[in-house]
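Undergrad: starting from these lines, generate the structure:
(chains A and B)
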Amino acid sequence: MNSVGEGCTELKREYDQCFNRWFAEKFLKGDRSGDPCTEMFKKYQLCVQKAIKDKDIPIDGVEFMGPNKEKPES
Amino acid sequence: MCAFLHHVIGTPNVERETTVQRYPWETVIKAAMRKYPNPMNPSVVGVDVLDRNLDTHGRLHSHRLLSTEWGLPGIVRAILGTNRTLTYIKEHSIVDPDEKKMELCSTNITLTNLVSVDERLVYRPHPENPDVTVLTQEAIITVKGVSLSSYLEGLMALTMSANARKGWDAIEWIIQNSEREKVPLCDLC
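TA: Modelled structure (predicted):
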């Protein structure tokens, strides 16, 4: 699957592989140890955010919906 | 829960559909996180994660951007007054591994002056059978601020059924084809 930014696809694929592995083998099994993908994600993000700006895609900002981290949820 | 037009939940214009699939919840969720590309959704041409974080309850939030190419003919684009060939959708998903619930909410962020397509999907294990997963889908299409009239509800219901089936077909395809990414979806693989 491609990224929205053509130049970001390789970074996206590396991140996706890392995330999918962590998600299946750690997160869903209740392992809350650290996320090994943060560095990869940062690199990928730098690329994507630039592509979004360049293509003028109307994102409001990263926190565009949903509860924030601090809000207590029922 | 993810933000899905809270004010319209429970109203008759929301199309709701519940379907089941004979895979355990974890298998379905792993496939759902990797849903694209798949042959049932050829118009989705790009997917990006814009943010991902764990909340204080250990739930995983993901914010994604989907780009879709409908192949609109030039004349349709001229009528719509757009040079864009791609439409964009933002999606928020929440995975609760303790409660075993995955929710996705999506809405279009382009062509919003013409139409809003809002969808919410919830995947949960079947209460009586852990090898089965239940999907509840809700969708509302709003044209220029006015909900589709009841005359069109029947048409929407037909479309929803077709889409609900297609959604499961896509998940099943991902489960069956998981080997290609060398990340097995099932523990026995």
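
Undergrad: flag every buried residue along whatever helix or strand residue B:122 lives in.
TA: Taking DSSP states H and E as the definition, residue B:122 sits inside strand B:115-126. Buried residues in strand B:115-126, counted by 16 or more other C-beta atoms under 10 Å in any protein chain shown: B:116, B:118-125. For every residue, glycine as well, the C-beta is placed using N, CA and C.

Undergrad: centre of the chain to that strand, how far?
TA: Computed by C-alpha atoms, centre = their mean, to the nearest Å, the chain-centroid distance of strand B:115-126 equals 6 Å.

Undergrad: and the closest residue to residue B:53 other than its chain neighbours, how close does it get to residue B:51?
TA: What sits nearest to residue B:53 in space, not counting adjacent residues and going by C-beta to C-beta, 6 or more residues apart in numbering or on different chains, is residue B:61, at 5.4 Å. With the distance defined as C-beta to C-beta, to the nearest Å, residue B:61 ends up 8 Å from residue B:51.

Undergrad: neighbour count: those two, which is higher?
TA: Here residue B:61 and residue B:51 are compared on neighbour count by other C-beta atoms under 10 Å in any protein chain shown; more neighbours surround residue B:61, at 20 against 16.

Undergrad: and that one, which of the three is it?
TA: When classified by DSSP: H, G, I helix; E, B strand; the rest coil, residue B:61 comes out as strand.

Undergrad: hmm, it is touching residue B:55, no?
TA: Yes: shown here, residue B:61 and residue B:55 form a contact pair, counting by C-beta atoms under 8 Å, at 6.2 Å.

Undergrad: quick one: strands adjacent to the strand holding residue B:122?
TA: Under the criterion DSSP bridges, strand B:115-126 sits next to strand B:101-108 (antiparallel), strand B:129-143 (antiparallel) in its sheet.

Undergrad: and those strands, which is most packed in?
TA: strand B:101-108 (a mean of 20; mean count of other C-beta atoms under 10 Å in any protein chain shown).

Undergrad: and that strand, C-alpha only, in PDB?
TA: C-alpha atoms of strand B:101-108 as PDB (Å, rounded to 0.1, in the frame of the first residue of the first chain):
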ATOM      1  CA  LYS B 101     -13.300  -4.200  21.200                       C
ATOM      2  CA  MET B 102     -12.100  -2.400  18.200                       C
ATOM      3  CA  GLU B 103     -13.900   0.700  16.900                       C
ATOM      4  CA  LEU B 104     -13.300   2.700  13.800                       C
ATOM      5  CA  CYS B 105     -14.800   6.000  12.800                       C
ATOM      6  CA  SER B 106     -14.300   7.600   9.500                       C
ATOM      7  CA  THR B 107     -15.400  10.700   7.700                       C
ATOM      8  CA  ASN B 108     -14.500  12.300   4.400                       C
END
